[in-house]
Each structure stands twice: as C-alpha cells, then as structure tokens.
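J.: Prediction below, plus the sequence it came from.
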Protein chains: 4
Amino acid sequence: MNWHEATTSRKLDHLRICSEEDIEAGSSGFSDIRIVHAALPECDMDGVDLSCHFLGHSLATPLFIAAMTGGHPDTTDVNRRLARAAEKAGCAIGVGSQRAALERPDLAGSFKVVRKEAPTAFIAANIGAVQLREYGTGWAEKAVSMIDADCVAVHLNFLQEAIQPEGDRDAAGCLGAIEELCSDASVPVIVKETGSGISRETARLLWNAGVKAIDIGGHGGTSWAKIEGIREGEKNEPPLTRLGDDFIDWGIPTVVSLIEVRETGGPVIATGGVRSGVDIAKALALGADMAGMALPLLAPAMKGDSALACAIDHIHRQLKAAMFLSGAATLRDMRRVRTYITGDTRMMIQKYD
Amino acid sequence: MNWHEATTSRKLDHLRICSEEDIEAGSSGFSDIRIVHAALPECDMDGVDLSCHFLGHSLATPLFIAAMTGGHPDTTDVNRRLARAAEKAGCAIGVGSQRAALERPDLAGSFKVVRKEAPTAFIAANIGAVQLREYGTGWAEKAVSMIDADCVAVHLNFLQEAIQPEGDRDAAGCLGAIEELCSDASVPVIVKETGSGISRETARLLWNAGVKAIDIGGHGGTSWAKIEGIREGEKNEPPLTRLGDDFIDWGIPTVVSLIEVRETGGPVIATGGVRSGVDIAKALALGADMAGMALPLLAPAMKGDSALACAIDHIHRQLKAAMFLSGAATLRDMRRVRTYITGDTRMMIQKYD
Amino acid sequence: MNWHEATTSRKLDHLRICSEEDIEAGSSGFSDIRIVHAALPECDMDGVDLSCHFLGHSLATPLFIAAMTGGHPDTTDVNRRLARAAEKAGCAIGVGSQRAALERPDLAGSFKVVRKEAPTAFIAANIGAVQLREYGTGWAEKAVSMIDADCVAVHLNFLQEAIQPEGDRDAAGCLGAIEELCSDASVPVIVKETGSGISRETARLLWNAGVKAIDIGGHGGTSWAKIEGIREGEKNEPPLTRLGDDFIDWGIPTVVSLIEVRETGGPVIATGGVRSGVDIAKALALGADMAGMALPLLAPAMKGDSALACAIDHIHRQLKAAMFLSGAATLRDMRRVRTYITGDTRMMIQKYD
Amino acid sequence: MNWHEATTSRKLDHLRICSEEDIEAGSSGFSDIRIVHAALPECDMDGVDLSCHFLGHSLATPLFIAAMTGGHPDTTDVNRRLARAAEKAGCAIGVGSQRAALERPDLAGSFKVVRKEAPTAFIAANIGAVQLREYGTGWAEKAVSMIDADCVAVHLNFLQEAIQPEGDRDAAGCLGAIEELCSDASVPVIVKETGSGISRETARLLWNAGVKAIDIGGHGGTSWAKIEGIREGEKNEPPLTRLGDDFIDWGIPTVVSLIEVRETGGPVIATGGVRSGVDIAKALALGADMAGMALPLLAPAMKGDSALACAIDHIHRQLKAAMFLSGAATLRDMRRVRTYITGDTRMMIQKYD
Ligand SMILES: Cc1cc2nc3c(=O)[nH]c(=O)nc-3n(C[C@H](O)[C@H](O)[C@H](O)COP(=O)(O)O)c2cc1C
Ligand SMILES: Cc1cc2nc3c(=O)[nH]c(=O)nc-3n(C[C@H](O)[C@H](O)[C@H](O)COP(=O)(O)O)c2cc1C
Ligand SMILES: Cc1cc2nc3c(=O)[nH]c(=O)nc-3n(C[C@H](O)[C@H](O)[C@H](O)COP(=O)(O)O)c2cc1C
Ligand SMILES: Cc1cc2nc3c(=O)[nH]c(=O)nc-3n(C[C@H](O)[C@H](O)[C@H](O)COP(=O)(O)O)c2cc1C
C-alpha cells in the first residue's frame, strides 16, 4: 500500500472505500479447508485456552489486529478504538504505515493514541520496505519509539506500488535493508505482505535475512488491486492507463502461502481473508502461530467501541467453539488437528508427475 | 442435540422446524458415489435378501430408524407410529434422548410406547454422553429398562452443545464414562454422532473403549447448526451472539466418515443424509453394516401409519432394485460391490504427496 | 427394455416418448475427452477410409444403427427407412427386440422388412437375455432366420426390468443361457447393454462365456429410467410406487465402460450417448471397434428417407473431419490417437492410494 | 484459414466478423495458471528489460503481432497501422497469408506497406502449407522477397480447411514440403498453427524437419470453427452441411500445447487467446520465447494509430508489472518463475496410473 502519499487525505479515501465498497477479491482458500471434527473433544469449551507466546511475549489470543490506519487526524478515532479493544481483549495490534507521521511529526498523534489506549498490548510499528531502504534503520527506530512498539513490521506492497501511477517501483535493495534492520533493530522484525502472499522462496530469503516472524498477507481478502481499480474508476482515468483490474487475480492465496511458508520456518501470522474464528482455527491447524484480521474489524471500529468489542468477542467465541469441536484445549493442540484439503488449494499444494 | 431442556416443549419446537423447514446442509457425499452396474446380475430381484445380523440379533433389513423423539406427551403418537412400522418391517429403531423421562418419570410413556408397539423389534435406548458422565452406568441402565432396549446408544452432539447458549460444553471425561459403561452395561453399547461425523481417530478411541458399534452420524443430512440458526432467528437474538450459521459447514461428510471408521473396525451404522434405498446400497458397498435414517421418516410418521409404511416400503424397493442391479443377492454380496468415487469425497479420502 | 409386453402397442408409446420428450440423462463422458489435434495430418480428408472388419464382415463404416424397433405394424415404416439407409451407407444395423414377432408370427413383417430393404447389410437379430434363458437357443435361431441375420444380439436391460412393475426381475441363469447360445448358435453372439453399461467384471464373464463382441450400451444417452419415469407420470401412478426417477443416475458412463471393457478384450461397440461423428472418433481413439447410435437416428427415420440419409451423411462427414484432424487415414490409425481425459471420467478411471 | 480464396473480398468478411462478433471459443488455459508472487522483487519495475533474441535478431519485446491480413486493397490501412506500431514498439510482426498477392501481383501493395512502414522490424512472411506443397520453395521465396521478410511462417489451418466446403483437404506431403523449405530457404522457417495447437508429436516432426521455431497457435482464442459457423449461418446453409459448430471445441488449449511443445525443443511462440501482458508473463513462465496476439490488436488497428499504440503500451505495462511482481528483471528470469497449475489444464498435462 502506498500509505505514504504527500497528502494524507488519501488515507481517508481508503478507509471510506474499504468500509463502503466490496473490496475483497479471489479466494483465500479457507473454504477448501475442512477441520476433522472431534466427536469426543474430551475438554471443556469454557476452559479452552487461547493464550500463546509470540516473539517472547505472552498473548491472550492468537488474533492479531492487522495494520490499518493512522497518519491523518481523522483516523485517530479508529485507532483509539482498535487500541482499546486490543488492550481489553489482549490482542496484538499493528498500526498503519507510519510514514506520514515520520515525515510530518504533527501527524504522530493518530499513532501515539494506540500505545496510550493500549498500554500493555503487543504493538507492531509499521514501515514500508522502500522507505526502510531509503532512510535506514534509524527511520524504523523512530517508528518504534513513536508508539513504544514491541516489534516493527516492514510491509511489502509492491502490487499496489506497481499499479499506482505514482508508486515506488524500485524494489532493489529492500532485502539488504531488511537484513541490516534485523541485525541492528532494538525490537524483533516482522515482514508482512499486504494481500499477495509470501512464497516458499521469498520466505527462505526472509528467514536468512534474520526476520523473526512472517505475516503472509495472502490473496483472497482485502484486494488493493480492487481498491485501486475503484479509485481509478472514480477518477475517470482512461481505461488503458489503469492496471488495477488487470491484477485482481494476482497473488498467492492465503492458505497456499501459509502452507508454503510454514514448511520453511516460523513463527507465521496468517492474514488475508481471515473472516471468522473458524478461519483462525483452520489457519492454526495448518500451522499458523497467529492470525491477522483487518477489514472485518474496520466497520465495527468506525462504528464504536462496543460494536468492536462485540465483533472481537464473537470471533473468539467462534474460535473457542471450533477448537472445542476439534478436541483442542490449547493452541498447541489445535496445531496438530488434521484437516481435509480440496479444490484449487489442493491442486496448488500438491506436486505432480 | 440438547434433547434435555428443562422444558420438554422444545422437543416440539424441533419436530415442528424439522418437518416444516429445510434443515439439511452440506453434502453427505452420496452423490459422489456411483455403484458399478452389474449388467448380468445372475440373481432374482424378488429373492434379494435384506436380512442381516447386528449385535447378535437377526434383523429383516439394514434400515435403522434413527433416534428422533420422545419426552413430551405430544411426541407419543410419532413414536407409536415409528414403532409400529419398525415392528412390521423388521427395522431396528432408536428412541430420542431419554433424559427428560429419566428426570421426570411421568414423561416415560412417550418412550415406553415404542416397546409396546414393537415387541420384537431391536430397540436402542438413547442417552447423552454428558448425562452418562454425570450420572453413570445406572442412568443408562434405567434408560434401557424403561423400554426394554436391546442396546444403548450414547449420543455425541457437541456441535449443538457448543452452539446453544445453554449447552453443556464440558466434554471432558465422556470417553471414560463410555469405557465404564461398556464394561458394565447389560446390553451392547453403541456410540452415535448426530450430524458431524466420526473421524478415524475418534473411532479408534471408541473401539478401544469397548463400544460394540459406531453410528457415524455424518455431515450432509439434518443439520443441528442450521436448526439452531433458525431458532436463533425466530428468537431475534442479536447476530453476534449466534453461532449456528457459522457452523453450518462443520463436520465430516457421511461418506468420508464411513470410509474412515470402516477402516478401523466395525460394525458401522451409516447415518446422516441417507435419503433413499440407493444411498443405503452405496453405504453398504462402502462397508456399512446398517444405515440409519431420521429426517425422511419424520414427515410420514407425523402423517400416519400408512404413509410411514409406504415410505419404508419404497426405500426397501429402491434398496432391492439397487442390490439386484449390483448383482448382490445378499447384504454380504453388496458389501463387495465396486464403486466409483469422484468429487470432493475423492479428494478427502485420497492421500497426497 | 421390456420390449416384449403382451400388447405391442407399448412400442408405439416408446417411439412417441423418445421422439417427443427429452429422454437423455447423465453424461456419457464424451465431453471429458479431447482428441489430440494433428496440425499436420499428412493425409487426404477425402481419402479417409471408414471401412472396417467386424465379426468376419467388411463394413463401409463403424457406425452401427443400434437396435430400436419392430413388433407392431406401425413400426414397419421406421424399420424400412433405417434398413434402406443402412444398405445405402453400408452401416451395420440392429433390429429391436423380436420377442413380439416370435410369439405372434403375424408381427414378423415389421422385422423382415429390414432384410428386404437391406439385402447386403450386416444385420443383428435381437432377443432378451431372459427370453433366451426361458426358450433356449432355438428361440434365438428363429430370430436369426426371421431376418436372415448375420449375428444375434442378446440385450441386457435389467434396469428397465427392475423399474417396471411387470418387469422380469429374475436374472439368474442368463449367463449360462448365453454360454450355451455361444457354443451352439449358427451366427456370432453379441451381448449388448441398453443404457447402464458393462463393467470390467461383467465383460470378463461374457468373454469367458464365448461372446464374440460386446456392445457396452453405457449411461449418458437414452435413459430407460427416464422414459419409464415419464410413463409412470403419464399414468398418474402414486409417487411411492415409482422407481424410474430414483434410478436416473444409475449406470456406468459410456466412456468409462468403454475403457474398462476394452482392457478385457474385444471387439467392442460403443453405444450410449454417441451424438456425432466427433464422438465416434473419440470412441475409436479409446479403443472401440464400432460405435452405435439409436436416438439421434430415430427422429430423422420417422421423418423420411432423405432426412435419415442426410443425418447419416453428416455424421460421416463429422467423423471424416475428426479423423483427418487426428491425422488418421484409417480406423486403425484412429485407434492409436492420443486423447486428453478430464473431469469425472478421469476420476472414475484413475486409481488412487 | 483459407486466406486464399479466389475472391479476396472474403478477407473483408473475416475482418468484419472478427471485429464485430464474439469469435472466441474454449479456454486457452491461462486462467488455470497463477504466477507465484515475489513479495520482494529485488528489481526496478522501470528497469524491467523486455528485450530478447529471436532467430538471430534482437527484439525490444516478446510481443509478436500475429499474422492477420493483407490481400485486398481495403486491408492496406490495417496493415499500415500494425506495421507502424510494430516499428515504434519494436514488436515482431507477421502478415496475413500472401497467397492472393502471389497469385495476383497487383494485390501485393497491401503487404508491401508493412515493410515500408516498419523498415527495421522483424517481419514474418506467411504462406499456407498446402500452397507450399503445390508450388515449392520458390513460392515461399517470393513471399519473403515481397516484403523483405526476416523469416517465413508456414501456417497450418487444416481445421478451417476441413470445415469449409471449398477447403483444401489434402494434407499429404506438407511435412516433406516444409522439410525441403527448411533446407533451401534463405530465411529461417517458422511453422504456425492458427487456433488448434501443436501436439508434442507434431512438434517432434517439425523440429526433425528443420523448422527454426514453432508458433503453437493453440485453442482458446480466435476460433475459425466459430467464424465459419457464423458465415455458414449468414449464408443460410442447411444445418446438416455445416461443420463449424461441431468443431468449436476441437483443438489443444494454448497452455497445454505450449507445455508439450516446450518439452520437445524451441524456440516457441505462444499464440491463441493471449489477452494481456499478464498472459504473456504466464506464457514466458511456462517456457515460451515469444507470445503472439492477433484478435486483441485488430479492433484498435481498425480504429487508428493512436488507439493501437495505446493498446500495445498497455500490454507492455501489464507485462512489466507482472514481471516485476514475479521478481523477474529480464525475460530470462521470467522463464524461471514458478507457477501454480489447476483445473482442466492440470489434468491434461498430468499423467495418471
Ligand atoms: C483500510 C486498510 C488499510 C491498510 N493499511 C495498511 C498499512 O498501512 N500497512 C500495512 O502493512 N498493511 C495495511 N493494510 C493491510 C492489512 O494489514 C492486511 O494485510 C490486509 O488487509 C489483509 O487482511 P484482510 O483481508 O483481513 O483485510 C491495510 C488494510 C486495510 C483494509
Ligand atoms: C427431529 C430430530 C430429532 C433428533 N433427536 C435425536 C436424539 O434425541 N438423540 C439422538 O441421538 N439423535 C437425534 N437425532 C439425530 C438422528 O438420530 C440422526 O443422527 C441425524 O438426524 C442424521 O440423520 P438424517 O440426516 O437422516 O436426519 C434427531 C434427528 C431429528 C431429525
Ligand atoms: C426407441 C428405442 C427403442 C429401443 N429398443 C431396443 C430394443 O428393442 N432392443 C435393444 O437391444 N435395445 C433397444 N434400444 C437401445 C438402443 O439400442 C441403445 O442401446 C440405447 O438407446 C443407447 O443409445 P442412444 O443413447 O444412442 O440412444 C432402444 C432405444 C431406443 C431409443
Ligand atoms: C482476422 C484474422 C486473420 C488471420 N489471418 C491469418 C493468416 O492469414 N495467416 C495466419 O497464419 N494466421 C492468421 N490468423 C491467425 C492468427 O495469426 C492467430 O494464430 C490466431 O488468431 C490466434 O490468436 P488470437 O487468439 O490472439 O487471435 C488470423 C487471425 C485473425 C483474427
């Protein structure tokens, strides 16, 4: 995502489109996954334990509120609510790209609100790989200290960059910059895709560079190709200059990416089209350590604190029920549950000849 | 199924919804199965022999009238008709959960009518795994003696328990209780799922615990998630407290469950989405010993004795024709008939890599 | 088919329904087959040679006009036209079941017309397996001599028998009767299914019994279950006594049956849902020696000589074009052409685990 | 394509139908291919290098403007625009069949315009295999010198020949003629299909004959069976003389053909249903050296120079974005990118048993 335009008003554009239009595309693959039911769970659903360890922290739930916003005064409210909810439910939470605030410190308030409202939560700072390459580790450290973050997430969003006329299309040197950050940073480094997924090959590069966790950000949920397509349409740009629609199908579906990355190492955060606690359970069964959700939390966060708390509660209730019906009293148990894999997902992960 | 609410009027609720609304969900997998036609059957269709042995009893047919009702005076008529039909056709028959009558002996009449009308039939008593754990073998024996049952079926319905706000969500210890019952009970013990299926892993636990037969009760027929979803809707509960709809897809399809359980032992009763005598033939070809049907018999049973007799007759006619066209003069022959397996079912039972 | 009712007026019933209603069901599998295109055919389309040998006879084309009618004076015209067309185009031709005329010699004219109009054609007599068992080889010989046939086809139609209330449902002893006929008959014996296909297992029984060719008559073309379903509907029979609709899906698809039977021996006639010369080419590529068509020729045959000649011409033109584009100048070449197999057909012929 | 009728007015017929009607059929298979996303491309999109080598020439792009027209004065404009665009963008370009101009030199202008407007472009002359066999290498050399071509493409279009009543249906001897041309011609020889694909087997024949490149011209884009079907319809020919519709499904899908031919050698031009720069990237990843497009360029070419330049620009922008997101800075890199293959394409390339 090009969350760094000179004019931060674009942030609002994104929030508006994301909350008003259908901006999902493709299939994440979760519907191709079926968890093997445990008819005799031999545990207590009310005692299902969602707690987990992630990058040295103890967390109350594997639900990660994925990076979304900040950088414009009008986004402060949304971030405040997300932070409160994270604090209350014990979720990890990411902020949106901090570029705007790093460039214009007067915008930092829309990010700082997160640590203020979530004093004990696990918070991920957020910077783009291209900015990291340009400005180096110091830039990342500023992002971390701005919100007293527990880790820093470097986002990869080259699909969006490629599509936008004004995008940063030079990706060379980003891997080196990440490697440098990993060796120098004061907090653990996560690398996250934002809707196109991480392949087995890229995962290997990242582990070798020293990243501490990968957020796969796979295809099948929020589609930046679709969002940009909608913006292009609103701006009445001539069809032949638009690329958004041409790349709506681009990317590795979340489930396929999860399986590939999991085979190369971990921990792994499964994000992209996670739409319920049942999807989280599926992700865990396929080896995920955490599961991220962005879009499904945006509308409730724009509505108010209680709508958001309700939404998160419901997700947790679904997750607990799914774990219970899998016979899993803990996340560790859940990661050993057998699944059935069908459809295109099956074909994509299955070798042939 | 939470067939044990304080107010037994809920039973009526269930019967009403089940007979009025579309409460089936998913695919049982039977449509993915095609029996290999025997162009030269070399037997006489009118001589096709449906008789079988089950738990030491000789039965006239593999059709098992699956557990449905009892526990409210108004259900007596339905049970009476089911019992008469079972007696006449020689079917095995299960009663619905006897919890209500075990708690309030005045309700026992709606169950006792079954033995009264079916003096020679094979009858299965029915208790929930949670009650068994709470009250022990004695409770089961009371259920057996209430209807002079030939076996006792312990139902597993944790999906329904998980969904209902008032559900019993503690499943711990149920396996131990079943094991104890198996060693102490005066009649053979069956364990039955009620729409989510039994996995290979659970089947192994059950055989080791000493159960004498497994009724797989797989996904693809009557859906308690859907029924509870409808009830939630009728009660206008706020969407975010509802779990029914979220779990409509949950469970192991009947055919997949049947194949898995069959590989671990037997005898096996195939229930869940069995909708015709042809489906019964398919279940037999896949290794089932008996096939259970609930929903398709409910409407005729509510209509009258002759509608029910007709329905059962028709199922038997379909079964005989299917066996004849498979070249199977007996159930033993039918269990050796080859099938084609396609679709998702094929992917679910096929290993890869 | 129960082509032998006391009242031969039923023949007319069948012809009427077959020519007026949609009586096809299922998929023959031909749409799952794609012939590998030969971009450089290295032959002359106008020189494509359709001639073949079958049971010691030289035939001008692999197209077999499948058994349809006779037995009622009003069917004479249809048989006359089919015979003329067969004579002119050099097709092999089968007559419908001769039972009626064997029982009532005054009805023989509707069959004899075939030899009269097709003095040099390869003609197949037609009797039912049940009648053969009842009346023995002599009965078959009478059918042969009635039309001076070149071979006798014993039809298997137990699906139809099973469905009809008045059907002959005793199939025992038919194999023995076929074996006897094979050793005693004056002409070669073919066994033909009529819409449900022949399995690998049945094929082995038949070759061992001494049959000289198998007509697989697979599922996916004319459906007798559907025809009987329509007749049941017209007669307003109560739903629960009807079996037609319940067995519409029953049977081995033509392509699957063809592949299975071909693996056990030959020659093989592929019939059931063959709908064009392209389908014939596909059948040949899968190993068929001849391909039979019934339904597609019925309407033109009821219309007139020239409509029928046109239809057959068109089929031959399609077949020649398909062979040319496969690089096959002869049927022998065509049988070596590679195909792609997808869909359910692929799953049905592919082993697993 | 029978691009050689006595009356060249038919060319116009084709152009009109192709630009007005939906003349595509089947699936090229590109939608079954998904490129593995490179989240960290480590290259600069603006520096993505599309240049390549083909038959000893350096080309600016792998986009090949596939053979379309010429042979009627009214087609001169279209060829002029295509040539200008090729010159400007550095595309290779093919002309339509030169038969008409070889027979009537006064029509040569509509072809000569191409070299005139594209003095430095790589141009492919175009003759039919049948004419080559009839008139020999000299005929091909005349076609080459007419437009000072860099190579000569021999087109195979026997599907169209087979369908047209007046088609050349004798394909014998074409391979020998190609072999002779390969050994004698002054320029490299390409063989191209025109919508039905090249199989592994045919590819081997062609490499052995000495062709320097194969243009697979696979199924799934412009369908000559469909075009002829439309023309038959317009001419109100009686249904039974028409073959167009019967062969709409005929042919090897582009992706399947590409994979098969690539296994036997190269270079390979992927043509047939290539509809975007993303499809070109997919073709490259599957091993193609060049990718040809005809139909998508026709409408812009009929509209004007700038529409055409825009269209080509957009294709290149899509291709560069796709390569960038695959982490490929050069075509050589792109040919090593991993893909997922699903659907029918997967089944067609995958062996079984
Ligand atoms: C409105 C919105 C804004 C986002 N902004 C950022 C961002 O600034 N930085 C980032 O790394 N990801 C950003 N994302 C991507 C999400 O973190 C997540 O990877 C993606 O949306 C997929 O998850 P989903 O399908 O649950 O929405 C944003 C997503 C949304 C919906
Ligand atoms: C109205 C109704 C009530 C049921 N009640 C019980 C019950 O009390 N105990 C039990 O073990 N199963 C109960 N079942 C489950 C059935 O025995 C059976 O496992 C399930 O319905 C799947 O079969 P079907 O698809 O043929 O309906 C009930 C089913 C229905 C339709
Ligand atoms: C109207 C009609 C009558 C038939 N009668 C006979 C018959 O008497 N004997 C027989 O062996 N097959 C009979 N058949 C079956 C055909 O020979 C053939 O096996 C079957 O129709 C499948 O081919 P199709 O899909 O091309 O129709 C009949 C078929 C039709 C359509
Ligand atoms: C209007 C039109 C005319 C064509 N004429 C020729 C031709 O003369 N010679 C030839 O080799 N191919 C000819 N082709 C075939 C194309 O070169 C190409 O192989 C085919 O159209 C598949 O590509 P597409 O799906 O991108 O259209 C023609 C295609 C079109 C659309």
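T.: Arrived safely, thanks for sending. Ligands and ions are numbered 1, 2, ... in the order given.
J.: mind checking the longest helix of chain A?
T.: Of all the segments assigned as helix in chain A under DSSP state H, the longest by residue count is helix A:305-325.
J.: That helix - contacts with which helices or strands?
T.: Packing partners of helix A:305-325 (3 or more C-beta pairs under 8 Å, 6 or more residues apart in numbering or on different chains; DSSP states H and E): strand A:63-65, helix A:76-89, helix A:277-285, helix A:295-303, helix A:331-334, helix B:158-163. For glycine as for every other residue, the C-beta is placed from the backbone atoms N, C-alpha and C.
J.: got the buried residues for the fifth one?
T.: Under the neighbour-count criterion of 16 or more other C-beta atoms under 10 Å in any protein chain shown, helix A:331-334 has A:331, A:333, A:334 buried.
J.: is the host helix or strand of residue A:259 anywhere near chain D?
T.: Assigned by DSSP states H and E, residue A:259 belongs to helix A:254-264. Yes. Shown here: helix A:254-264 in contact with chain D (C-beta under 8 Å from any C-beta of the partner chain) through residue A:256.
J.: the inter-axis angle of that helix versus helix A:277-285?
T.: Put simply, helix A:254-264 runs at 30 degrees to helix A:277-285, going by axes from the mean of the first three to the mean of the last three C-alpha atoms, to 10 degrees.
J.: What is the helix or strand just after helix A:254-264 packed up against?
T.: The element immediately downstream of helix A:254-264 (helix or strand, assigned by DSSP H and E) is strand A:268-271. Contacts defined by 3+ C-beta pairs under 8 Å, 6+ apart place strand A:268-271 against strand A:189-193, strand A:213-215, helix A:254-264, strand A:290-293.
J.: What pairs with strand A:268-271, parallel or antiparallel?
T.: Using DSSP bridges, the strands paired with strand A:268-271 are strand A:213-215 (parallel), strand A:290-293 (parallel).
J.: Could you confirm whether it reaches ligand 1?
T.: Yes. For strand A:268-271, a contact with ligand 1 is found by C-beta under 6 Å from any ligand atom, at residue A:271.
J.: For residue A:195, give me the backbone phi and psi.
T.: phi 140, psi 0 (degrees, to the nearest 10).
J.: contacting residues for it?
T.: A:157, A:159, A:217, A:218, A:219, A:221, A:222, A:223, A:224, A:225, A:251, A:272 (C-beta atoms under 8 Å, 6 or more residues apart in numbering or on different chains).
J.: Out of these, give me the one that has the most neighbours.
T.: Among the contacts of residue A:195, residue A:272 has the most neighbours (other C-beta atoms under 10 Å in any protein chain shown), with 36 neighbours.
J.: just checking, it touches residue A:215?
T.: No. Counting by C-beta atoms under 8 Å, residue A:272 does not reach residue A:215; the two are 9.0 Å apart.
J.: Overlap of the contact sets of the two?
T.: Joint contacts of residue A:272 and residue A:215 (C-beta under 8 Å, 6+ apart) are A:193, A:292.
J.: In a markdown table, list the buried residues of helix A:331-334 along with distance to ligand 2 and pLDDT.
T.: Formatted as a markdown table, those follow (distance: C-beta to the nearest ligand atom, whole Å; pLDDT from 0 to 100):
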| residue | distance to ligand 2 | pLDDT |
| --- | --- | --- |
| A:331 | 31 | 98 |
| A:333 | 27 | 98 |
| A:334 | 27 | 98 |
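J.: Just give me the closest of these to ligand 4.
T.: Of all the buried residues of helix A:331-334, ligand 4 sits closest to residue A:334, with 48.9 Å by C-beta to the nearest ligand atom.
J.: Which parts of the stretch 101-250 of chain A are helices?
T.: For the stretch 101-250 of chain A, the helices defined by DSSP state H, counting those that start in this stretch occupy A:109-117, A:129-147, A:158-163, A:174-184, A:200-209, A:224-234.
J.: Thank you kindly, that will do.
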